[in-house]
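**Student:** What shape does this take:
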Amino acid sequence: MDIAADVLEVAQGGAIKTRIMYKAFLSFPQLKEYLELLQGGGLLDYVAEEKEYRATERGKRFLKMYKEVGQAILPAGLKKKKMLA
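**Tutor:** Coordinates of the predicted model:
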């Protein structure tokens, strides 16, 4: 889930494979696997004209919910520490 969210975060405004791979800290075989998984789930689209991947509306909703759940389960003390960092 964390890696899928990282890929979608990078691809929100559109991104090529290389950018996604480096920003999400993935090897090329891992990247290929996640791109296929996210495209198959309707969370990511490939825009051939621009040669980049973009998060779909469904992908953006997933990312929003993922962040909300993360905030809900993060203990209050950690939230304060994270904000100060």
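**Student:** alpha carbons only for contacts and neighbour counts from here, please
**Tutor:** OK.
**Student:** Contact partners for residue 39?
**Tutor:** By CA atoms under 8 Å, 6 or more residues apart in numbering, the contact set of residue 39 is residue 45.
**Student:** those strands in the chain, which residues are they?
**Tutor:** In the chain, the segments counted as strands under DSSP state E are 44-47, 52-55.
**Student:** quick one, helices of this protein?
**Tutor:** 2-10, 17-23, 28-40, 57-73, 76-84 (DSSP state H).
**Student:** so can I have TSV of those showing mean pLDDT?
**Tutor:** Below are those laid out as TSV (pLDDT from 0 to 100):
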stretch	mean pLDDT
helix 2-10	95
helix 17-23	96
helix 28-40	97
helix 57-73	91
helix 76-84	52
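**Student:** ok so, going back, can you tell me which of the strands of the chain is most buried?
**Tutor:** strand 52-55 (a mean of 23; mean count of other CA atoms under 10 Å).
**Student:** In CSV, could you pull the C-alpha coordinates for it?
**Tutor:** This file holds the C-alpha atoms of strand 52-55, laid out as CSV (Å, rounded to 0.1, in the frame of the first residue of the first chain):
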residue,chain,number,x,y,z
GLU,A,52,3.8,9.7,-19.0
TYR,A,53,1.7,8.0,-16.3
ARG,A,54,-1.1,9.9,-14.5
ALA,A,55,-3.1,9.0,-11.4
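**Student:** hang on, the earlier thing: what would the strands of the chain look like in CSV with distance to residue 70 and mean pLDDT?
**Tutor:** Shown next, in CSV, are the strands of the chain (distance: least, CA to CA, whole Å; pLDDT from 0 to 100):
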stretch, distance to residue 70, mean pLDDT
strand 44-47, 21, 97
strand 52-55, 20, 97
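**Student:** okay, those in TSV with distance to residue 27 next?
**Tutor:** Listed next are these as TSV, based on distance: least, CA to CA, whole Å:
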stretch	distance to residue 27
strand 44-47	19
strand 52-55	17
